[in-house]
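Peer 1: Take a look and give me a structure for this.
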Amino acid sequence: MDDLASELGMSKKTLYTHFSGKVSLLEEVIADKFGEIEAELFAIAADGRGDFPARLHALLACIRRHTEEVQPPFLRDMAREAPELFEKVRAHRRSIIHRHFTTMLREGKAAGMIRGDVPEKLMIEFLTGAADGIVNPQKLAELGLTARAAFTEIIRIFLEGTMTEQGRLKL
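Peer 2: Residues are numbered from 1 along each chain as shown. Okay, here's the model as predicted:
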């Protein structure tokens, strides 16, 4: 808090008038970040101009951009120092995946680019399970990956398994 107050040009006392401690400050930062992500994802979903591949690329680019900001030490420290907040982040991530990827999968199926023989719920469970199992401090450290690199590989593997031949050719 000392470093932050100094960087902001205010006293630590002033900072504490707005936030009761590090965890409440972190909660506000994370809430703001998720609000930003949600706004971008809803804008992509609402943009009816692009076809499925264009919208999928926009969705993935948005997620990659935001996961790039998350470094393993930050995740490790949050999991250790604020485990309840870390769980909220994981739950929110699951919610984002469910909401936005379900819509995208339906569009892809309608366009003939996503396999129709695999249930959407199973695809979403695979995606959320992979994100939960890999994009966490212990596994990222074990694999020597950043959150962005892990998410990129999860999506690549996911799309290779769910896309039709036509879909792979168009992407």
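Peer 1: Can you list the low-confidence ranges for this protein?
Peer 2: 1-5, 8, 11-12, 15 (pLDDT under 70).
Peer 1: name the helices or strands packed onto whatever helix or strand residue 89 lives in?
Peer 2: In this structure, residue 89 sits in helix 83-96 according to DSSP states H and E. Secondary-structure packing of helix 83-96 (3 or more Cβ pairs under 8 Å, 6 or more residues apart in numbering; DSSP states H and E): helix 22-46, helix 72-81, helix 120-134. (C-beta placed from N, C-alpha, C; glycine too.)
Peer 1: Please name every helix or strand in contact with the very next helix or strand once past the longest one.
Peer 2: It stands for helix 22-46. The helix or strand immediately downstream of helix 22-46 is helix 52-68, counting by DSSP H and E. The contact analysis (3+ Cβ pairs under 8 Å, 6+ apart) places helix 52-68 against helix 22-46, helix 102-110, helix 147-162.
Peer 1: Check which residues of helix 52-68 are buried.
Peer 2: 52, 55-56, 58-60, 62-63, 66-67 (16 or more other Cβ atoms under 10 Å).
Peer 1: and residue 116, how many neighbours?
Peer 2: Residues lying near residue 116 (other Cβ atoms under 10 Å) number 11.
Peer 1: how about the closest residue to it other than its chain neighbours, what does it touch?
Peer 2: Excluding its sequence neighbours, the residue lying closest to residue 116 (Cβ to Cβ, 6 or more residues apart in numbering) is residue 109, at 5.5 Å. By Cβ atoms under 8 Å, 6 or more residues apart in numbering, residue 109 lies in contact with 115-116, 120.
Peer 1: would you list the residues you listed in JSON lines and tack on distance to residue 95?
Peer 2: Below are those laid out as JSON lines (distance: Cβ to Cβ, whole Å):
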{"residue": "115", "distance to residue 95": "24"}
{"residue": "116", "distance to residue 95": "25"}
{"residue": "120", "distance to residue 95": "16"}
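Peer 1: Alright, that wraps it up for me.
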